[in-house]
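Chemist: Starting from these lines, generate the structure:
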Amino acid sequence: MNVSVIVPAFNAAKTIGACLDGLFAQTLPRDRYEVIVVDDGSTDATRARAQTRGALVVTQDNRGAGAARNTGAQNARGDLLCFIDADSIPDPRWLAELIAPFADATIAGASGEKKTRQTNLIARYVQFEYDFKYARLARGAMDFVDSSTAAYRRDIFIASGGFDATLGEAEDTELSFRLAERGNKMILARDAIVWHHHPEALGEFLRRKYQYAIWRAIVYARFPRKAARDQRTPTWQKLQLPLAFALIPFTLGALIWNALAWAVIAILVLFGATTLPFAFYCWRRDARAGIIAPFVLLLTAYAGGAGAARGIFRKRTERRPSATHSHTDSTL
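Modeler: Numbering: from 1, shown residues only. Okay, the predicted model is just below:
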């Protein structure tokens, strides 16, 4: 099977070179794949640097990563469409491992894994979130493919209509849910690794959680069954959001009526219990991450809840906080 690798890029001059160097150093024979960079209205040297590396460059007005991926698919010649973000560096075996599952004719899509070499505590915590999710998804067929390291059969992708370009983020979640509901099988290719730079500041990490939750809420509104249960998020983690927000009124009430302090304690105990699976997972790998996990999960619940509220109540005509479409990393 011939393969098309599509890289959506917006103002990615600082990272596109390393990404393309990695793509052109794959173990898969070079005549098996093409590399297409979709310049999504960049105002820096993205296009020039991609052309210098030898990639086919397609340009469009700034319309977002989902639209850029669709444009790449429309210009692709491969039987398989593979996607990687411009700020990621593929492992030399990434492409070969990502397309290997398609030897099974029943496979419609596959997702690789993100890794990092960062030693910063927050970045390691983020990586543990990814690894914890991968352990769940590796158990069999799944309902989520991460567009930053993804592959689809071209005919299925085109027939589905591709990514919903009206979504600022979470377009990969929406496409995955749509494909899964149509009976398409998707799996995790664990050895298809891309190297990524995760947030190193807690504030930036929470900002991304908030931003992503805005669009994730819109996707869940389309697929309400997934809001209650999907393979990406364990049930105990979904309980964290209502518990975290219940803590606020009970804590305020306890300042007026001391008897409510017991309710506050009960909520804290229940919330703490929901953090134990992930906290222990982190602890076994880095004790520091295990210690901060409950606190970070509480802040994550507030950031995600605030984002979800905005996603539910925002005007449908509002596409983004600003007019320019940027390419931000999807968070878990």
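Chemist: the strands in the stretch 101-250 of the chain, which residues?
Modeler: Chain-ordered strands for the stretch 101-250 of the chain, with DSSP state E, counting those that start in this stretch as the definition, fall at 107-115, 149-153, 185-196.
Chemist: Quick check, Ala18 in contact with Pro90.
Modeler: No. With contact defined as CB atoms under 8 Å, Ala18 does not count as touching Pro90 (9.9 Å). Quick note: C-beta positions are derived from backbone N, CA and C, even for glycine.
Chemist: Quickly list what Leu188 is bridged to.
Modeler: Partner residues in beta bridges with Leu188, using DSSP bridges, are Ser111.
Chemist: That one and Leu175, how far apart?
Modeler: From Leu188 over to Leu175 the distance is 16 Å, taken as CB to CB, to the nearest Å.
Chemist: about what we covered before: which of Ala18 and Pro90 has more neighbours?
Modeler: Set side by side, Ala18 and Pro90 show more neighbours around Pro90, with 27 against 16, by other CB atoms under 10 Å.
Chemist: Kindly state the pLDDT recorded for that one?
Modeler: With respect to pLDDT, Pro90 has a value of 98.
Chemist: Number the residues from 10 up from this point.
Modeler: From this message on, residue numbering opens at 10, which makes the last subject Pro99.
Chemist: got the domain boundaries for this structure?
Modeler: What automatic domain parsing lists as the domains of the chain is 12-209, 244-322.
Chemist: Packed most tightly, which of the ones you listed would that be?
Modeler: Using mean count of other CB atoms under 10 Å, the stretch among the domains of the chain with the largest mean neighbour count is domain 12-209, at a mean of 20.
Chemist: Could you tell me which ranges of the protein sit under the pLDDT cut-off?
Modeler: For the chain, the stretches with pLDDT under 70 are 10, 238, 240-241, 323-341.
Chemist: in this structure, which spans are helices?
Modeler: Listed in chain order, the helices found in the chain under DSSP state H are 25-32, 55-62, 74-83, 103-108, 130-146, 163-169, 180-190, 211-231, 233-237, 244-247, 249-265, 270-292, 296-322.
Chemist: Columns distance to Ile45 on top of those helices, output as JSON lines?
Modeler: Putting these into JSON lines (distance: least, CB to CB, whole Å) gives the following:
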{"stretch": "helix 25-32", "distance to Ile45": "10"}
{"stretch": "helix 55-62", "distance to Ile45": "10"}
{"stretch": "helix 74-83", "distance to Ile45": "5"}
{"stretch": "helix 103-108", "distance to Ile45": "14"}
{"stretch": "helix 130-146", "distance to Ile45": "26"}
{"stretch": "helix 163-169", "distance to Ile45": "13"}
{"stretch": "helix 180-190", "distance to Ile45": "18"}
{"stretch": "helix 211-231", "distance to Ile45": "25"}
{"stretch": "helix 233-237", "distance to Ile45": "31"}
{"stretch": "helix 244-247", "distance to Ile45": "36"}
{"stretch": "helix 249-265", "distance to Ile45": "39"}
{"stretch": "helix 270-292", "distance to Ile45": "37"}
{"stretch": "helix 296-322", "distance to Ile45": "31"}
